[in-house]
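Undergrad: Structure for this input, please:
(one chain, ligands or ions: 1)
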Amino acid sequence: MKPSDPNLRGIAQAVDDPASHGAFFNAFPSLVWIADAHGGCSFVNQAWEDYTGRATEAEVGTRWLESVHPEDRPELERVWAEALGLRRAFESEYRLRRADGLHGWIHHSAVPVHDEGGRLAGFLATCHDITTRRDAELDARAKERTVRLIADNVPALIAYYDGPTLECRLANNAYAKTWGFTVDSIIGKTVREVIGDVGYEAIAPYIQRVLRGETVVYERTLKAADGGERIIEATLLPQLDDAGGSIAATVLINDITKHRLAEQSVRESEDRLRKFADATDEGIIFAERGLLSDCNPAILRLTGYTYEEIIGKNIVDYMPPDVREMVLNNVSMGYERPYEAAILGKDGTRIPVELEGRVMPYKGKVYRMTAIRDIRDRKAAEARIQFLAHHDTLTGLPNRVLLMDRLEFILAAAQRRGNHVAILFIDLDNFKTVNDSLGHAAGDALLRVVAQRIEDALRGADVVSRLGGDEFLVVLPELTNEHDAVQVAEKLIAGVSEPVPLEGQSLSVSPSIGISLYPRDGATADTLIKNADAAMYLAKERGRSNYQFFNERLSEAAFHALTVETRLRDAIRREQFVLHYQPQVRVDTGAVTGIEALIRWPQEDGTTVLPNDFIPIAEQRGLIMPIGAWVLRQACRQNRLWQMSGLPKLPMAVNLSAIQFKQKNLVSVVEQVLAETGLEPQYLEFELTESMLLEDMTAIAKTLEGLKALGVQLAIDDFGTGHSSLMHLKRFPIDKLKIDRTFVQDVPGDPDDVAITAAIIDLARNMGITSIAEGVEKPEQLAFLRLRGCEEMQGYLVSEALPAEAMARWLARRRGEPLTSVG
Ligand SMILES: Nc1nc2c(ncn2[C@@H]2O[C@@H]3COP(=O)(O)O[C@H]4[C@@H](O)[C@H](n5cnc6c(=O)[nH]c(N)nc65)O[C@@H]4COP(=O)(O)O[C@H]3[C@H]2O)c(=O)[nH]1
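TA: Numbers count the residues shown, from 1 in each chain. Next up is the predicted model:
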């Protein structure tokens, strides 16, 4: 306010002395505040007083400042001090405490007032309450902050452009940053300035459309300020005035780069999956809510269906009824581990498969993908393994494992129902001979034939098993009586004994069968088999090719055999056997013609076990070979010793077990023993039993000829008890026939034995070989033999079997005695 202004002259006076002009200022509707030339408040009008509740006295000087809001006061003081110093007008907005205790915003506008002389008279200010405006401003600012906060935090790019000018009025941080601006620097920039010429050209048509009032959505790839490529989806929203003219456009941009890349990778992975599914041998199906929606060629190949035939159908239709529930359960539970099931081929065949399901999104939906593996080969292999584990590979019969399993089952059932069961233990006689002479292939072929014949002789419910070697076991469940077992045994003997044509020959094996019965002979599978086994040995003893039932006595025998076997092994190791010797003499002159070596097993208690009590057991338990070898060596050694000690040179007879005789290298073993002991071969004689000569004739002839070629003598022991025919004997190079003790003992009283003994003597004479009678105890027997022309004899009448020293003494004594004497 210039001092020269004539209208202000009065105002200057009023300001200089406001108290005098109170009525004048109080007439002002606005708040009047006057300060003196020093800046102290000197007057406030009624309106001020009404507003603040404070009259001039309360505001004078600097007091009025005390009612200013503490936050605003420093700034106000600064502005006021500056205006005062420079004697200038000032304006300020601040909060002033009102009469109601609250603060009101006021706009304080003060001008310096000068008197006529140009001196500062003071300041005159009018103040207006601007609370409403300020609140609105604050509110607007808060709203803007909120908008920005939201705009900056949504995962989208947002901008607001003015319609006509296409200048940016608002942009969120993400938008501004994308184009290389800040939220402030972007304001006022045109679309073209923001996104560049190329971008603008690309979207110009969309801009035209939004300006026409359309909402436009488009997608494009852009290069952002950071150089990266982005795929965006932009939405342009028009804002129109009431007349429909375009005022502005909001741009909403979503960065869909990740989304599109994910889509692309899903597409690629779907492609890959499809290629993989097409290429794999594993069947793959997709099902949605149980319906087949897709599959690969492998599953079509596996089932024989075409794609069109199965798509859209229910998966259940392709499953056998028995697996449906399980599969559907697994599907509904989302089971994801492999499990076995089965599917049906088009022709109805059941195909065992392994299924492995996965819940997976495919083509935008949730599917269950199932891999289907054909496990027919695996199943077949498993079945084969199962079969092999439970069957004998040679014959295909159940093996011991499976047999035990079945037998236990059968016994349990028999116990429940009170049935009887028979167990037949079958061992083939002479099988070893076939195997040894014709080889394993022939042996195997023979076993297969036998297995078949055994099966043929049985009924469906019967069980047959091969236990190994030439041992078979037959179980007859539900036996009505003992006789049923007899019938089966007889049928088996007849069937198995039939000659088997093999390699151009006719072979025959006969079975020895031991039978045990449940419950009579045992309650458990083990006991019943053991007892049938014991009965089988009895059958063998009784001449083979027959059957025997188990009995208690056998059980004892079996136990006894076991004990003997154990002790025999020990005796073999410790060489605890001795030989006794029995002389053989001429019947007519009494001249000593030979000596038979007979084994003895002395016991610690001074008793002696005779050969009949342990040789059969040794034979059964595979112990005869070491025993026989020892006897042979010992006999040869002893004979050689006697010869060297000057006793007469006599042949020494040694008993050969059938098993020893079948030993392939027998000839070379004998040759070796002779060489070792230095005994000349003509002083060794072997006693063979008739039954040994009944088996494989070719092999026997070969062995006998081999022995003969060495120069040893051969005698047939126990002649008459076996089944040998003349034909047999003629084929073999035999030197001697020994007439069995059982015939000799009843001559001359028993006409049958007389006839037999006489026939044997005649037979020997006709064949040009020596006859010798054993077991001669009585003079009348000697008389008979002499009468019949038997050449030699041995027996208690001459001497019993004696230990070596006794025998040596006997021989020495005999040398000096007349030849006619016997005994
Ligand atoms: N009642 C009676 N018996 C008489 C008379 N004179 C001799 N003996 C007995 O008759 C048996 C004759 O032997 P074997 O027939 O070869 O019968 C032998 C033979 O088959 C077998 N054996 C004996 N030693 C051996 C051996 O070293 N190896 C083999 N593999 N078997 C043997 O054991 C069988 C029995 O032998 P041992 O008990 O020694 O019984 C001998 C002998 O002691 C007599 O006047 N009356």
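
Undergrad: Dump stretch 181-200 to PDB, restricted to CA.
TA: The C-alpha trace of stretch 181-200 is given here as PDB (Å, rounded to 0.1, in the frame of the first residue of the first chain):
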ATOM      1  CA  PHE A 181      10.600 -42.200 -16.600                       C
ATOM      2  CA  THR A 182       9.700 -41.400 -13.000                       C
ATOM      3  CA  VAL A 183       6.200 -40.900 -11.900                       C
ATOM      4  CA  ASP A 184       6.900 -37.100 -11.900                       C
ATOM      5  CA  SER A 185       8.900 -36.800 -15.100                       C
ATOM      6  CA  ILE A 186       6.400 -38.600 -17.100                       C
ATOM      7  CA  ILE A 187       3.600 -36.100 -16.300                       C
ATOM      8  CA  GLY A 188       2.900 -33.900 -19.300                       C
ATOM      9  CA  LYS A 189       4.600 -36.200 -21.800                       C
ATOM     10  CA  THR A 190       2.600 -37.300 -24.900                       C
ATOM     11  CA  VAL A 191       2.000 -40.900 -25.700                       C
ATOM     12  CA  ARG A 192       4.500 -40.600 -28.600                       C
ATOM     13  CA  GLU A 193       7.100 -39.100 -26.300                       C
ATOM     14  CA  VAL A 194       6.600 -41.900 -23.800                       C
ATOM     15  CA  ILE A 195       6.500 -44.900 -25.900                       C
ATOM     16  CA  GLY A 196       8.600 -43.800 -28.900                       C
ATOM     17  CA  ASP A 197       7.700 -43.400 -32.600                       C
ATOM     18  CA  VAL A 198       7.800 -47.100 -33.400                       C
ATOM     19  CA  GLY A 199       5.500 -48.000 -30.500                       C
ATOM     20  CA  TYR A 200       3.200 -45.100 -31.300                       C
END
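
Undergrad: Just the residues contacting that stretch, thanks.
TA: 148, 152, 159, 161, 165-173, 175-176, 179, 203, 207, 222 (Cβ atoms under 8 Å, 6 or more residues apart in numbering). No exception for glycine: its C-beta is placed from N, CA and C like everyone else's.

Undergrad: give me that answer again for 10 Å
TA: Identification of contacts with stretch 181-200 by Cβ atoms under 10 Å, 6 or more residues apart in numbering yields 148, 151-152, 159-162, 165-180, 201-204, 207, 220, 222-223, 225, 249, 251.

Undergrad: What mean pLDDT does that stretch get?
TA: Taken as a whole, stretch 181-200 carries a mean pLDDT of 92.

Undergrad: Buried by neighbour count: which residues of it qualify?
TA: Residues of stretch 181-200 classed as buried: 181, 183, 186, 189, 191, 193-196, 199-200 (neighbour count, 16 or more other Cβ atoms under 10 Å).

Undergrad: Which strand or helix spans Val434?
TA: Assigned by DSSP states H and E, Val434 belongs to helix 431-438.

Undergrad: Where does pLDDT dip in this structure?
TA: Of all residues in the chain, those with pLDDT under 70 make up the ranges 1-9, 361-363, 694-696, 720-728, 816-823.

Undergrad: Show me what from it comes close to the ligand.
TA: By the rule Cβ under 6 Å from any ligand atom, the part of the chain lying against the ligand is 582, 598-599, 610-612, 615, 628, 631, 655, 657, 687, 717-718, 741, 774-777, 794-796, 801.

Undergrad: One more pass at 5 Å, please.
TA: With Cβ under 5 Å from any ligand atom as the criterion, the chain meets the ligand at residues 598-599, 610-611, 615, 631, 655, 657, 717, 775, 777, 795-796, 801.

Undergrad: Count the neighbours of the closest residue to Trp64 other than its chain neighbours for me.
TA: Nearest residue to Trp64, sequence neighbours excluded (Cβ to Cβ, 6 or more residues apart in numbering): Cys41, at 4.7 Å. Per other Cβ atoms under 10 Å, the neighbour tally for Cys41 reads 23.

Undergrad: mind listing what Cys41 touches?
TA: Contacts of Cys41 (Cβ under 10 Å, 6+ apart): 18, 33-35, 48, 56, 58-65, 122-123, 125.

Undergrad: right, and the helix or strand after the helix or strand hosting Ile599?
TA: In this structure, Ile599 sits in strand 592-602 according to DSSP H and E. Following strand 592-602 in sequence order, the next helix or strand is strand 608-609 (DSSP H and E).

Undergrad: In this structure Arg376 contacts Glu340, no?
TA: No. Contact criterion Cβ atoms under 10 Å: Arg376 and Glu340 do not qualify, at 11.8 Å.

Undergrad: and Val474, how far is that from Thr757?
TA: 43 Å (Cβ to Cβ, to the nearest Å).

Undergrad: let me fix that: Thr250
TA: Thr250 is 139 Å from Thr757, by Cβ to Cβ.

Undergrad: For the two, indicate the residue with more neighbours.
TA: More crowded of Thr250 and Thr757, by other Cβ under 10 Å: Thr757, with 26 against 17.

Undergrad: sec struct for the more buried one, please.
TA: Secondary structure state of Thr757, per DSSP: H, G, I helix; E, B strand; the rest coil, is helix.

Undergrad: returning to what we had before: of the contacts of stretch 181-200, which belong to helices?
TA: With DSSP state H as the criterion, helices contain 148, 151-152, 173-178, 201-204, 207 from among those.

Undergrad: and which of those residues is nearest to the ligand?
TA: For the ones in helices among the contacts of stretch 181-200, the closest approach to the ligand (Cβ to the nearest ligand atom) belongs to Ala174, at 110.4 Å.

Undergrad: The residue lying closest to that closest one once chain neighbours are set aside: neighbour count?
TA: The shortest distance from Ala174 to any non-neighbouring residue, by Cβ to Cβ, 6+ apart, is to Leu157 (4.9 Å). Counted by other Cβ under 10 Å, the residues lying close to Leu157 total 24.

Undergrad: And the helices in the stretch 301-450 of the chain, which stretches?
TA: For the stretch 301-450 of the chain, the helices defined by DSSP state H, counting those that start in this stretch occupy 307-310, 321-333, 376-390, 400-417, 431-438, 440-456.

Undergrad: TSV for the ones you listed, including distance to Ala140 and mean neighbour count?
TA: Formatted as TSV, the helices of the stretch 301-450 of the chain follow (distance: least, Cβ to Cβ, whole Å; neighbours: other Cβ atoms under 10 Å):
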stretch	distance to Ala140	mean neighbour count
helix 307-310	67	13
helix 321-333	59	14
helix 376-390	78	12
helix 400-417	94	16
helix 431-438	115	19
helix 440-456	107	18
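
Undergrad: and the chain, what are its domains?
TA: Recorded structural domains for the chain (assignment: the TED database) are 6-135, 154-260, 280-379, 391-550, 565-813.

Undergrad: Only the buried residues of stretch 646-659, if you could.
TA: By 16+ other Cβ under 10 Å, the buried positions in stretch 646-659 come out as 647, 650-659.

Undergrad: so how far is that stretch off the chain centroid?
TA: 65 Å (Cα atoms, centre = their mean, to the nearest Å).

Undergrad: ok, now stretch 422-440?
TA: Relative to the centre of its chain, stretch 422-440 is centred 40 Å away, using Cα atoms, centre = their mean.

Undergrad: got a list of what the residue nearest to Asp322 when sequence neighbours are not counted touches?
TA: The spatially closest residue to Asp322, leaving aside those adjacent along the chain, is Ala342, at 8.0 Å (Cβ to Cβ, 6+ apart). For Ala342, the contact set (Cβ under 10 Å, 6+ apart) comprises 318-320, 322-323, 327, 349-353, 355, 375, 379.
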